[in-house]
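Peer 1: Sharing a model prediction with you, sequence too.
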Amino acid sequence: MSFRLWPEDASAAARQIDALCIFLTAVSAFFVAVIALAIVYFCAKYRAGSVADRAPLAFPVMRLEIAWTVFPLLLTMVMFGWGATLYFDLQRPPADALEIVVVGKQWMWKVQHAPGAREINELHVPLGRAVKLTMTSQDVIHSFYIPAFRVKQDVVPGRYTTEWFKPTRLGTYHLFCAEFCGTAHSQMIGRVVVMEPADYASWLSGGGEAPAVAGERLYNSLGCASCHNPGSPVHSPPLAGLFGRKVQLRDGRIVTADEGYIRNSLVNPQADIVAGYEPMMPTFQNVVNEEQILQLIAYMKSLVGKPPEPAK
């Protein structure tokens with residue numbers, strides 16, 4: 001049985017995070033050792049009854065004060081700069097990242113790929129491609145944790161969080177929930193499978209209905225088309241090209257129509273009223289679940305540059 005000090009590093013950010021962790025540990029160990037050895041030395045030298053010169057020593061006080069102020073400042077700024085750079089890199093996925101949605105639920109991970117493939121407690125991803133996860137929870141707070149990729153992000157009910165990674169090694173890796181979420185928390189585990197891009201494309205081809213297609217069907221069945229489609233007699237905001245656009249609200253705020261905005265518009269439509277429109281939209285809270293909301297969002301994304309069909 002082999003012992004590993006670190007988990008496998010299987011993502012582009014893993015070694016950078018490990019290097020920062022080692023640096024912080026080494027700096028901490030150095031100062032702990034220096035202070036501990038100094039304590040032991042002075043305790044032995046100036047113990048009661050020892051022969052030692054206890055007269056005050058003359059030191060260049062100003063130079064000493066400057067030295068032990070400037071040196072720690074520079075060291076901590078290195079830590080801050082290094083850590084902040086990694087943090088911001090991990091918060092900004094590449095524009096061409098492969099987008100996958102994840103819904104946490106006691107006690108499983110439900111994964112939806114854009115072409116239609118669905119998984120439970122498994123996540124298949126292609127090697128060498130940046131992957132962005134958009135995540136939410138159906139019940140309590142969970143935390144999506146892949147040790148080999150060194151990424152962990154809380155998954156919170158009522159909002160969307162994201163994390164991204166770029167796999168660098170083929171293989172199968174552990175997936176955990178790192179936030180206590182109830183009695184079966186320890187069983188909320190899974191695996192991440194990193195595949196060759198061609199194998200991943202082949203695997204995707206056996207998937208089911210695309211979320212955008214399911215979202216369009218849901219959009220029509222809920223009666224959204226009767227208000228939002230072109231030609232509707234109801235004065236409602238058009239949805240074609242809405243996603244990702246800046247929206248002016250009645251209270252003067254300007255917001256971006258992202259996943260969170262669309263979700264909030266569905267479950268709490270009176271919160272952000274678009275300028276020039278009346279608050280007529282009913283709430284769909286408890287009418288659609290989190291997976292269906294994500295399907296509607298996928299449909300909204302598909303309308304960018306493609307106007308929907310007029311209401312019939």
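Peer 2: Yes, it's here. Remember, predicted model here, so these are calculated numbers, not experimental data.
Peer 1: Can you tell me how far the residue nearest to D251 when sequence neighbours are not counted is from R253?
Peer 2: The shortest distance from D251 to any residue other than its chain neighbours is 7.7 Å, reached at I273 (C-beta to C-beta, 6 or more residues apart in numbering). In short, each C-beta sits where N, CA and C put it, glycine included. According to C-beta to C-beta, to the nearest Å, I273 and R253 sit 10 Å apart.
Peer 1: Correct me if wrong: the residue nearest to D251 contacts P279.
Peer 2: Yes. Judged on C-beta atoms under 8 Å, I273 makes contact with P279 at a distance of 5.0 Å.
Peer 1: So the two - more neighbours on which side?
Peer 2: Neighbours per residue (other C-beta atoms under 10 Å) separate I273 from P279, with I273 holding more: 17 against 11.
Peer 1: how close does the more buried one get to Y200?
Peer 2: Distance, I273 to Y200, using C-beta to C-beta: 43 Å.
Peer 1: Likewise for P167?
Peer 2: Noted for P167: a distance of 10 Å to Y200, by C-beta to C-beta.
Peer 1: okay, the two: which has more neighbours?
Peer 2: Comparing P167 with Y200 by other C-beta under 10 Å, the one with more neighbours is P167, at 25 against 20.
Peer 1: Contacts only, for the more buried one.
Peer 2: Contacts for P167 (C-beta atoms under 8 Å, 6 or more residues apart in numbering) come out as A10, S11, V125, P126, L127, G128, R129, V131, F149, V192, V194.
Peer 1: List just the nearest of these to C227.
Peer 2: For these, the residue nearest C227 by C-beta to C-beta is V131; the value is 35.5 Å.
Peer 1: what are the ranges of the strands in the stretch 1-150 of the chain?
Peer 2: 98-105, 108-113, 118-120, 122-126, 131-137, 142-146 (DSSP state E, counting those that start in this stretch).
Peer 1: shaky segments in this structure?
Peer 2: Applying pLDDT under 70 to the chain flags the ranges 1-2, 305-312.
Peer 1: 50 - rerun?
Peer 2: In the predicted model, the chain carries pLDDT under 50 at residues 308, 310-312.
Peer 1: got the domain boundaries for it?
Peer 2: Residue ranges for the domains of the chain, per automatic domain parsing: 1-38+93-208, 211-302.
Peer 1: Quickly list what's touching both of P167 and Y200.
Peer 2: Counting by C-beta under 8 Å, 6+ apart, the common neighbours of P167 and Y200 are V125, P126, L127.
Peer 1: show me where the stretch 201-312 of the chain has helices.
Peer 2: Taking DSSP state H, counting those that start in this stretch, the helices of the stretch 201-312 of the chain run over residues 211-221, 225-228, 259-267, 290-302.
Peer 1: got it, and the stretch 51-200 of the chain?
Peer 2: Shown for the stretch 51-200 of the chain, the helices assigned by DSSP H, counting those that start in this stretch span residues 61-91, 197-204.
Peer 1: Which of the residues in the shortest one are classified as buried?
Peer 2: Within helix 197-204, the residues that qualify as buried by neighbour count (16 or more other C-beta atoms under 10 Å) are Y200, L204.
Peer 1: same deal with the first one?
Peer 2: The neighbour-count criterion (16+ other C-beta under 10 Å) identifies L86, L90 as the buried residues of helix 61-91.
Peer 1: And it, how far out from the chain middle?
Peer 2: Mean C-alpha position of helix 61-91 versus that of the full chain (C-alpha atoms, centre = their mean, to the nearest Å) differs by 27 Å.
Peer 1: Check which helices and strands that helix is in contact with.
Peer 2: Applying 3 or more C-beta pairs under 8 Å, 6 or more residues apart in numbering; DSSP states H and E, one finds that helix 61-91 contacts helix 14-45.
Peer 1: Report the inter-axis angle for the helix it packs on versus helix 61-91.
Peer 2: Relative orientation of helix 14-45 and helix 61-91, computed by axes from the mean of the first three to the mean of the last three C-alpha atoms, to 10 degrees: 150 degrees.
Peer 1: Next, the angle strand 142-146 makes with helix 14-45.
Peer 2: Computed by the same axes, to 10 degrees, the angle separating helix 14-45 from strand 142-146 equals 90 degrees.
Peer 1: Quick check: closest non-adjacent residue to V140.
Peer 2: Once flanking residues are discounted, V140 sits nearest to C181: 5.1 Å by C-beta to C-beta, 6+ apart.
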